[in-house]
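Asks: I'll drop the sequence and a predicted model, then ask my questions.
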Amino acid sequence: MKMQTNFLCALTLFISASFGMLHAQNNNANTEFGIKGGFNMSNLYNDDADDENILYGFNAGVYATLPVSDFVAIQPEILFTTKGAKLEYNNALLSGNAKFRLNYIEVPLLVRVNITKNFNVHAGGYASYLVSSKVSGDGDIFFNENIDTDDLNKFDAGVSAGLGFDFNPISIGLRYNYGLTTIGKERTTVAGTTYTFPDAKNSSLSLYLSYKLN
């Protein structure tokens, strides 16, 4: 996803530049516990991926913010999140779309830097466990089938980066997740080449809303 890759690069540079501002800030990081949820735009990427295969979904769960200094905190989360991709087809014989959905329990572990009391940037990694998957189609051909998770990699991992705006007790933010593991398992080796299907990785951009409980 070109838009999301550019967002990740720009955000990484912004996080590095922001450390120069922190000497003037005090007590911006506080202990928090809360709930959160939001809207996902996900895709599966490989060398040929583009923004046309976006699948819309959601995320929901809980989070904690644990300060390690006046402006830096560790933020673990536990989320249920949907990922996957959508393929549209339209030719002389058939038209419609197919949706490949992947549902995960995801555990991000982030370093959160509070630039001010109302603005933060965060980055880190995530690990996910696949709990269910399905493929469905609408149009000239209708289908809705569950996929055996044993046929896919159940564990996914990647890197995350984002930014947030805090309006106590509500916060809003934007985060990009970039997967580092393939969705499919390695398949039969033919003529010395091992094939993986689907030979793609997760990519998602999330807009979230959180509510502090303490």
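Replies: Ah, there it is. What you see is a predicted model; the values in this text were computed from it and never measured.

Asks: what's the spacing between V107 and K99?
Replies: Separation of V107 from K99 (Cβ to Cβ, to the nearest Å) stands at 25 Å. (Glycine included, C-beta is placed from N, CA and C.)

Asks: for the spatially most central residue of the chain, which residues make a bridge with it?
Replies: Centroid-nearest residue in the chain, with Cα atoms, centre = their mean: N177, separated by 3.6 Å. Beta-bridge partners for N177, by DSSP bridges, are S160, S204.

Asks: how about the helices in this protein?
Replies: Assigned by DSSP state H, the helices in the chain fall at 2-18.

Asks: Show me where it dips below the pLDDT cut-off.
Replies: By pLDDT under 70, the weakly predicted segments of the chain are 1-27, 47-52, 89, 92-94, 139-140, 186-197.

Asks: check contacts around the residue nearest to R175 when sequence neighbours are not counted.
Replies: Distances taken as Cβ to Cβ, 6 or more residues apart in numbering put G162 closest to R175, at 3.1 Å, once the chain neighbours are dropped. Counting by Cβ atoms under 8 Å, 6 or more residues apart in numbering, G162 touches 11, 121-123, 173-176, 206.

Asks: how near is G162 to V113?
Replies: 11 Å.

Asks: Find the residues that touch each one of those two.
Replies: Common neighbours of G162 and V113 (criterion: Cβ under 8 Å, 6+ apart): 121-122.

Asks: what about the strands in the chain?
Replies: Taking DSSP state E as the criterion, the chain carries its strands at 32-45, 55-67, 72-90, 95-116, 119-139, 143-146, 155-167, 170-182, 185-190, 193-197, 201-212.
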